[in-house]
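Peer 1: Just a sequence and a predicted model for now, questions to come.
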Amino acid sequence: MLRNRFSLNAYLSFIIVSVVVVVITGNAALSFYSVKNQIMQDIQAHSESVLVSLQKSMVSYMEAYAVNEYEMRIQSEMDTEDIYAIIVHDRKMGEILGQDAYITGKTRDDAWNIIDYVPDAAGQTDMFERCFYAASADVISDSGENIGRISVCNSDRAVNLALERIVRENINYSLFISLLLIFILVFTIRRAVLRPITSMVNSLMMSDGMLREKVSPQGPKEIAILATSMNTMIDAVKSREEALRESESRFRLLVENMPAMVFLKDAEHLRFELFNRAGERLLGYDRSELMGKSDFDFFDEKQANFFISKDREVLESHKMVEIPEEEITTSSGEKRLLHTIKTGIYDEKGKATHLLGVSLDITEKKEMQAQALMLSQAMEQSGEAIVITDADGVIEHVNSAFSEITGYGEEESIGNKTSLLKSGSQNPDLYTQMWAAISAGKTWRGKVINRKKSGDLYPAMLTISPIMDENGHIKRYIGIQQNLEKLEALEAQFRQSQKMEAIGTLVGGIAHDFNNTLAGITGNIYLAKKEAESMPNVVDRLKLIERLAFGAAGTIQQLLTFSRKGRVNRAPVRISSFLKETIKLQRASVPENIHTQMEVTDSDLTVRCDVNQMQQVLMNLINNAVDALSGVENPSITVQLDRFDADSTFNEKHGVHHEAGYAHISVSDNGCGIEEEYIDHIFEPFFTTKAPDKGTGLGLAMVYGSIHSHNGVIEIHSSQKKNPGTTVHIYLPLDETRAVTEEQGGDEHADGHGSETILMVDDNELVLNTAHKVLESLGYQVIVASNGNNALEQYKEHQNDIDLVILDVVMPGLGGVDTLKAMREMNPSVKVMFATGYDKKSTLDGLDDIDSIKVISKPFAVGPLSKAIRKVLDQ
Amino acid sequence: MGIIRTTIFFVLTLVLSTVAYGEETQSQETPKKELVYLVSDLRIPFWDIMWRGVKSKAEALGYHATVYSAENDAKKELEYTVRAINNRVSGIIVSPTNSSACVTILKLAKKAGIPVVISDIGSDSGEYVSYISSDNRKGAYSIGKVLVEKMKALDWQDGRVGIIAIPQKRDNGQARTAGFMQALTEEGIKGGGLYQQETFSHQETYDYAKELIENNPNLRALWLQGSDRYQAALNAIRDMNREGEVLLITFDAEPVFLELIPKGVLVGAGMQQPYLMGEKSVESMHLYLQGEAVVKNQKLEVLAISSKNIQQQLPTIRRNVLGLGQ
């Protein structure tokens, strides 16, 4: 804008030049006219003077007939003066020539050259009429004789030339005077006024419009005062600038060393103009890379758009905007979280010039907060009681588990010493050892007995660790106590489970041996009955023995069920229908005074189970309930069915995990209840609280084994106190397939005979011999093998003759399953049956086609055996 | 055929008669071949000798020559000029009273269409046929050499030479001085002073000679740029008792010099040839009138006569310088 303005120099120069030119021109014009008049007068005067002079000299010349002399004199006058013509009439010379007068003279041609005057020449006759000024005078001799006449003529050309000369001189003079005046005026004004002002202006120009260099107080008084004032102002400005520089330096130092990222953007394009070191470190860019760039140059479009929108919001709202959390991506691709405050910078008109932002990297803080929150939550959610004390043992913080375990709330705990948990049943030496250890900066761990707010004692595993400051001084203690109540209960339950497992193993082994023995017995009874057909009494006795043997086999089967080695045939069963049917059948055996009711909450629950076993389970429980209701007023039995979704506590407690949930069946009575001391033994085989003739002690054992065989859970809650009664809870895993099928039982009494060759394999010699004889009695050719390897040898030898292989499952060395695999290598289509004293599932794992293989249980009745053999051979 | 012959004869007779009549008429109207010699003063021997040369040559070339002596009177000179013009003479040979007056003569003659030859005295300006003059510079140089040889012979090279000159505003005066001084300078002889004659009187010459001798004790020679006042110079030498010590040499000559130079009274003289100049003037006019080219400026030799060559040059001196004939 200042470029379009003229300088003071230009203004003054213009004024001076204008004034001087006008004045000098006016003066020159006046001078011109004045001089013109003067010239005209001078010309007239000079012409007259020349005329007079010539008049005098002509006398002698004419009298001496010195024509050439006076012509030279005229020439001389013409040479030196601007005379147009001088004409002489010489009467004396005229006398010689016989004329009135000899006329001669000089005049000028158009080029103003002097030429001879020729009287009759063209253009010269009327010369005097065109003269600007003409004068003539007679030449009179000393004797008074008129001897001639002389005439002088001036043309206007001479005047014009003179005026032109004057004009030129005036112009030159004016020009000279003008230049001189201009020079003097300019010089004087420049020296006196402009130079000091220019000096000031130059100081301004050299310092970008800011006064920096002092101005010499020269020139007139007023300018000197102005310069002095400016110097004072400069001092003040410098002082302020110095202060400002120091302030700016401090500000820059502060900004540069701020741990937070500080940046400045121009308001129009939102491009970075300032960045501090923290910003470089945070973004991973050099400052030079950032300057003049926008967010779009460094961040992805989403982030950049967010930043820019926030920037615009700040600038338009004229308010400071705080962004508690925003994510950026650094040059290395790392994501960082920032807490940013943005504000606009505005000029005096309120127009935004810049946007200032301060961003604090809160990534670690957020992580620490998250970690602290996690720790806090972990601490709060921890099942272990955590207490933090000061160095003197005064409680500063407790978690919720502490309150749950001890019964002391947070407000009750804080401020008290940890001794409020002392039970008094602890050896005092333990506390002495504990304080000695933790005061020495060590961690102490030990089992203690503490007292709850309720006064109950509870065992706990206590770990105390000192918390030290940076100087190694103990500032606090943290104590973590694990409530051992549940652990000990679980340990007891585990021990009970282990005991039951051991009993089951024991019972299973005994039952297996018994089954082998009974298989031999029943086989021989079958042979004996055939041999003693002629002796009816003997046959009757043998039949009685046979019934007793199969009765024993039934008992063995219950034992196998308890030990979960019994044969289980599971199929999907809708449990509500099953319960209704079973209770309906059982109702006949329940006295009429007992109120039996069934409550089904969810009728669509399906479990995969062995229906026979489940019927036996339910019947045993109802029978036990009926027995417990003897002598009880208003006896009642309630069977409930609902869906149960197990939680972690349940799973942890019972060591199970079944995500599909459970069918929860409970059988409750309001009977006398079970004494507490019997509860842990209630599922043991042959343990009974009934009279000797009323119970075998195998009912609940069978229930226990059956439920566990179905991967279920059984619990029993009983009380003999207020509202006595017993409730047995059964949890069976729900089956998602919901394909409900019923297993059809075989025709146990159908006989089968044949002549094929059967390889009989069993490690029990009694079973092997009996089976050999029974099969032969059925018409089959029998080859026997006492173990797996022997069986393979026999099969290899008689492979083409053997039509069926009956394999014992459990054998020393090569078991039944492995023997079959080896045989299938020789003959993939070998026909086979398994004979086992255990549960099919638990013993035949490892075969893909287990469901297609016929399995018979020992001891086997001859009828079912013969039918099964025949069925396999006929396939 | 007879008619044809008669016609041819008649025509030829007519033509021949016409030609003959024309020649006769022309010869009857041809102007008289007359030359006028305008001279400033015929009483002066130099101009008289020149007039004799003019007259002799004019007559030799068939001209009638008339002399008008103005006797140094400007009016007379103009009146004679006008008379000659009015007489329609063939040409004017002029030796004017001065070079300025010659300008008017030339102007009047030009206006009348009469050619003018100037002899000896020049003109300040104007148009003329030819200017016949002496080579004053060369002549002065030659006579200067004569003096230098004399002084060297006398072993007077250290002596000075005084000059009594004609007015130096005249061209011939300037030329004479320059030529003479050149001869002295070449031999290292210095001048002893210069006086310009104004009155050309005996007394003036005597006084100047005396002053020069008085002012220059080492003065060994005087040079007169004229010849007629030689006696005044000799008298001054004699009166200053410097006879035999101060030599005298002149420009121009007098008849008596034929005796004085051999006697050693005068060392020598630069002698113009006025008779020859008069002849040359007429020759030039004649050539002009004949329509032939004429040399505009003709400088005639000035004879440097000393005792050594006077006898040898005597015939030339007698005819061309003194106009005495052979």
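Peer 2: Everything's here; your move.
Peer 1: Surely residue A:598 is in a strand?
Peer 2: Yes. Counting by DSSP: H, G, I helix; E, B strand; the rest coil, residue A:598 is part of a strand.
Peer 1: in the sheet, who's paired with it?
Peer 2: Residue A:598 forms beta bridges with residue A:639, as assigned by DSSP bridges.
Peer 1: What is the neighbour count of it?
Peer 2: The number of residues packed around residue A:598, counting by other Cβ atoms under 10 Å in any protein chain shown, is 15. For glycine as for every other residue, the C-beta is placed from the backbone atoms N, C-alpha and C.
Peer 1: was I right about it contacting residue A:636?
Peer 2: No. Counting by Cβ atoms under 8 Å, residue A:598 sits too far from residue A:636 to count as a contact (11.6 Å).
Peer 1: Keeping just the C-alphas, turn stretch B:241-261 into PDB.
Peer 2: What follows is stretch B:241-261, C-alpha atoms only, in PDB (Å, rounded to 0.1, in the frame of the first residue of the first chain):
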ATOM      1  CA  ASN B 241      82.200  57.200 -37.000                       C
ATOM      2  CA  ARG B 242      81.400  53.700 -37.900                       C
ATOM      3  CA  GLU B 243      82.600  53.700 -41.500                       C
ATOM      4  CA  GLY B 244      84.300  50.400 -42.200                       C
ATOM      5  CA  GLU B 245      82.600  48.900 -39.200                       C
ATOM      6  CA  VAL B 246      79.000  49.000 -40.200                       C
ATOM      7  CA  LEU B 247      78.100  47.600 -43.600                       C
ATOM      8  CA  LEU B 248      75.100  48.800 -45.700                       C
ATOM      9  CA  ILE B 249      73.000  46.700 -48.000                       C
ATOM     10  CA  THR B 250      69.700  47.600 -49.700                       C
ATOM     11  CA  PHE B 251      66.600  46.200 -51.400                       C
ATOM     12  CA  ASP B 252      66.000  47.800 -54.800                       C
ATOM     13  CA  ALA B 253      68.700  49.600 -56.700                       C
ATOM     14  CA  GLU B 254      69.700  53.000 -58.100                       C
ATOM     15  CA  PRO B 255      71.800  53.400 -61.200                       C
ATOM     16  CA  VAL B 256      74.600  54.700 -59.000                       C
ATOM     17  CA  PHE B 257      74.800  51.400 -57.400                       C
ATOM     18  CA  LEU B 258      76.600  50.100 -60.400                       C
ATOM     19  CA  GLU B 259      79.500  52.000 -59.000                       C
ATOM     20  CA  LEU B 260      79.000  51.800 -55.300                       C
ATOM     21  CA  ILE B 261      78.700  48.100 -55.100                       C
END
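Peer 1: tell me the average confidence for it?
Peer 2: Per-residue pLDDT values over stretch B:241-261 give a mean of 94.
Peer 1: Now do the buried residues in that stretch.
Peer 2: Counting neighbours by 16 or more other Cβ atoms under 10 Å in any protein chain shown, one finds that the buried residues in stretch B:241-261 are B:242, B:246-254, B:257-258, B:260-261.
Peer 1: Strands - which of the residues you listed land there?
Peer 2: Judged by DSSP state E, the buried residues of stretch B:241-261 include B:247, B:248, B:249, B:250, B:251 as members of strands.
Peer 1: Can you tell me which of these is closest to residue A:513?
Peer 2: Ranked by distance to residue A:513 (Cβ to Cβ), those are led by residue B:251 at 197.8 Å.
Peer 1: Which helix or which strand is home to the closest residue to that closest one other than its chain neighbours?
Peer 2: Spatial nearest neighbour of residue B:251, chain neighbours left out: residue B:270 (4.3 Å); criterion: Cβ to Cβ, 6 or more residues apart in numbering or on different chains. Per DSSP states H and E, residue B:270 falls inside strand B:268-271.
Peer 1: Tell me which helix or strand comes right after that strand.
Peer 2: Heading C-terminal from strand B:268-271 (DSSP H and E), you reach helix B:274-289.
Peer 1: Kindly format the C-alpha coordinates of that next one as PDB.
Peer 2: What follows is helix B:274-289, C-alpha atoms only, in PDB (Å, rounded to 0.1, in the frame of the first residue of the first chain):
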ATOM      1  CA  PRO B 274      60.400  46.700 -63.100                       C
ATOM      2  CA  TYR B 275      61.000  46.700 -66.900                       C
ATOM      3  CA  LEU B 276      60.500  43.000 -67.000                       C
ATOM      4  CA  MET B 277      57.400  43.300 -64.800                       C
ATOM      5  CA  GLY B 278      55.900  45.800 -67.300                       C
ATOM      6  CA  GLU B 279      56.600  43.400 -70.100                       C
ATOM      7  CA  LYS B 280      55.100  40.500 -68.200                       C
ATOM      8  CA  SER B 281      52.000  42.500 -67.400                       C
ATOM      9  CA  VAL B 282      51.300  43.200 -71.100                       C
ATOM     10  CA  GLU B 283      52.100  39.600 -72.000                       C
ATOM     11  CA  SER B 284      49.600  38.400 -69.500                       C
ATOM     12  CA  MET B 285      46.900  40.800 -70.700                       C
ATOM     13  CA  HIS B 286      47.600  39.900 -74.200                       C
ATOM     14  CA  LEU B 287      47.200  36.200 -73.500                       C
ATOM     15  CA  TYR B 288      43.900  36.900 -71.700                       C
ATOM     16  CA  LEU B 289      42.600  38.900 -74.500                       C
END
